[in-house]
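Just the structure for this:
(2 chains)
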Amino acid sequence: MKENASDKVFNPASATDYVPLPQLRGLQLERLKRAVAGAYRNQRCGLFKKRMDESGVKPEDVQSLDDIRRLPFSVKTDLRDTYPYGMFAVPQREVVRLQASSGTTGKPIVVGYTKNDIAVWSDAMLRSMSAAGLSSEDVIQVSYGYGLFTGGLGAHYGGETLGATVIPTSGGNTERQIMVMQDFGVTAICCTPSYFIHISEKAAEMGIDLKALALRAGVFGAEPWSEAMRHRIQEDTGIKAYDIYGLTEIIGPGVAMECAEQSGLHVFEDYFYPEVIDPGTLEPLPDGEEGELVLTTLAKEAIPMIRYRTRDITAIMPERCACGRSVRRIRRIGRRSDDMMIIRGVNVYPSQIEAAVLKIKGLLPHYEIILTREGGLDHMEIKVEVTPALFDDRIRAVESLQQQIAHAVFSTVGIHAKVTLAESKSIARSEGKAKRIIDRRGI
Amino acid sequence: MKIRQIAIFMENKPGHIMGICRILADAGISITTLSLADTQQYGILRLIVNQWEKAAETLEKAGYVVNITEVLAVEVEDKPGGLLQVLEIIRSGDINVEYMYAFTFRHGEKAVMVFRFNDPDKAIELLAKSRVKVLDGVALFKEMH
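You can find the predicted model right below:
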């Protein structure tokens, strides 16, 4: 792997990541009180106040960080139900930006930012990029989509605040992306991991070896991806692939980020307070235990989000990271409970299928999961592309490849899948979030 | 002694073989013989062509997954028991026939068949001992054109 020279360089702007814990907790409590009071008083739809009042909790009852457990949760549908501005807690004149998240059905959800919110977001992104070893010396290509999606502008502002040279290529036009990467001496790229795979394939087709370029780091997020995919990217392209986490409802990318250790993502918890709860009982779980991640924004003005249920499954890692940061880490999120498929009563996540497919050397992380129901029984079909390395002129050998894949899937998720081989490049490449599940089971 | 065969992975879709033939035709490549192995889901098209390198490159460029294998073109007596004789020789060496198909032309009085053996080198040796002719690729194409 290429040398990441600034891995060990401390960026003064990320000092908050290292503050002593008592000081951090004090700051969090002070901010939590303010956030709760603000949401209670100013939220336009009054949903938070209504819920607080119903459960008999007053903003003044928050006297310690532990008191957060007494506060009501908020969920994704709150934003839909109060569309577009119900969750806002500031007058419109203070809102300087709107972003939206593409809803799979009907209206999107709309989020707003004040000037301070943009500063908070930029700072969180700066600290994210800094954790990935980036500095003002770097040339960062932002290939996340620019527009209503938070990825593009989030990474853009973070990179500029860091002082790096930011190239806003946005998504798409892959050949031009590669030309920019090569000609402009790009050292880091921000995009979805599936789009980077697409870029690297295209580069190979064009006869360009990414290993020979200056590119050395990737900040990949906006979709869950497996550890197997990380290894594949790192081996094939020689860059270091970092996982970044965020969600529109909270701020966008930059809620949590991996450091050089690549062992869990540091939550910028002076801004976003993390809890992990048991999704069944809704009780908070101790650090180390796996459950649903719940986030509270501590410094956001336009939309203060209290105890937002992310649907993402993770655990807070109790040990301090070897990198020295004091802010806690969450385990990589391979599973978003929204992505969860229930197949014959078994919970299956796309990332598990991805890991199984990548167990077979020579296969590419391009796959589709097709769910059907025949005779009341769920069937899972996995479509994978044949690669020149694995294709054989004998039917027997091709069948054995199919069996090998089916076996890898079975040993990972415990379900027999039908494996279908597809021609090269026949599975659509994504320039944003990859769509991998086709559910034809009806309701 | 061995000749190169091009195998192409194809999903079962209408017009697919046609597309491949068009690519080869446009590149001026001539198909000498072919065989299609089909399953419910996909097919494997195996081709013997006059310029295998160019054919493989053109097909890969067009996005096909291509595999190059060495096969043998074996002369078979065109009379009852002709094929049997070849198979007996092969059997005696414990060699497996993965698959086989025929050339569309005759070589003098003889038919020519394409064999994919699990051990082609051993097959060449055994066939030579029994004076069964294995045709050379270069000679084969020269004769044809």
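
can you pull out the helices in the stretch 101-250 of chain A?
Assigned by DSSP state H, counting those that start in this stretch, the helices in the stretch 101-250 of chain A fall at A:115-131, A:150-162, A:174-183, A:193-205, A:227-237.

right, so those helices: which one is the most enclosed?
Sort the helices of the stretch 101-250 of chain A by mean neighbour count, taking mean count of other C-beta atoms under 10 Å in any protein chain shown, and helix A:150-162 sits at the top with a mean of 25. C-beta coordinates here come from the backbone N, C-alpha and C atoms, glycine included.

which strands and helices sit next to that one?
For helix A:150-162, the contact count by 3 or more C-beta pairs under 8 Å, 6 or more residues apart in numbering or on different chains; DSSP states H and E identifies strand A:95-101, helix A:115-131, strand A:139-142, strand A:165-167, strand A:188-191, strand A:252-258 as packing neighbours.

Tell me where chain B is predicted with low confidence.
B:138-139, B:142-145 (pLDDT under 70).

Which residues of it lie near chain A?
B:5, B:7, B:9-11, B:37, B:39, B:41-42, B:44, B:46, B:60, B:63-67, B:69, B:98-99, B:116 (C-beta under 8 Å from any C-beta of the partner chain).

which among these end up buried?
Burial by neighbour count, 16 or more other C-beta atoms under 10 Å in any protein chain shown: within the residues of chain B next to chain A this picks out B:5, B:7, B:9-10, B:37, B:42, B:44, B:46, B:64-67, B:69, B:98-99, B:116.

so, if you compare these, which one comes nearest to chain A?
B:A7 (3.5 Å; C-beta to the nearest C-beta).

from what I can see the closest one touches B:N67, true?
Yes: with contact defined as C-beta atoms under 8 Å, B:A7 reaches B:N67; the gap is 4.4 Å.

Between these two, which contacts overlap?
A:391-393 (C-beta atoms under 8 Å, 6 or more residues apart in numbering or on different chains).

how near is the closest residue to A:T114 other than its chain neighbours to chain B?
Spatial nearest neighbour of A:T114, excluding adjacent residues (C-beta to C-beta, 6 or more residues apart in numbering or on different chains): A:E301 at 4.4 Å. A:E301 sits 51 Å away from chain B, going by C-beta to the nearest C-beta, to the nearest Å.

Same question for A:M52.
58 Å.

so who does the closest residue to chain B within the stretch 301-443 of chain A touch?
Using C-beta to the nearest C-beta, the closest approach of the stretch 301-443 of chain A to chain B is made by A:D393 at 3.5 Å. The neighbourhood of A:D393, defined by C-beta under 8 Å, 6+ apart, consists of B:5, B:7, B:44, B:46, B:67, B:69, B:116.

What strands flank the lowest-mean-pLDDT helix or strand in chain A, and is each parallel or antiparallel?
The weakest-scoring helix or strand in chain A, judged by mean pLDDT, DSSP states H and E, is strand A:335-336 (a mean of 71). When pairs are called by DSSP bridges, strand A:335-336 turns out to pair with strand A:308-317 (antiparallel).

so the strand it pairs with versus strand A:252-258, what angle?
10 degrees (axes from the mean of the first three to the mean of the last three C-alpha atoms, to 10 degrees).

what's the neighbour count on A:T82?
Residues within reach of A:T82, counting by other C-beta atoms under 10 Å in any protein chain shown, total 18.

again with A:V419
23.

Over to A:F391?
Neighbour count of A:F391, defined by other C-beta under 10 Å: 21.

was I right about it contacting B:F9?
Yes: taking contacts as C-beta under 8 Å, A:F391 lies within contact range of B:F9: 5.3 Å.

Now for these two: what residues contact both?
By C-beta under 8 Å, 6+ apart, the residues touching both A:F391 and B:F9 are A:398, B:65, B:67.

Assign a three-state SS to A:L32, would you?
helix (DSSP: H, G, I helix; E, B strand; the rest coil).

Against chain B, how distant is it?
A:L32 is 55 Å from chain B, by C-beta to the nearest C-beta.

Run through the residues that contact that residue.
A:L32 neighbours (C-beta under 8 Å, 6+ apart): A:62, A:65, A:68, A:273, A:296, A:298.

For the residue of the stretch 51-200 of chain A found nearest chain B, give its distance to A:I343.
Among the residues of the stretch 51-200 of chain A, A:H198 lies nearest to chain B; the distance is 14.5 Å by C-beta to the nearest C-beta. Per C-beta to C-beta, to the nearest Å, A:H198 is found 28 Å from A:I343.

for the record, mean pLDDT for stretch A:354-362?
What stretch A:354-362 shows for mean pLDDT is 88.

now the end-to-end length of that stretch.
One end of stretch A:354-362 to the other measures 13 Å (C-alpha to C-alpha, to the nearest Å).
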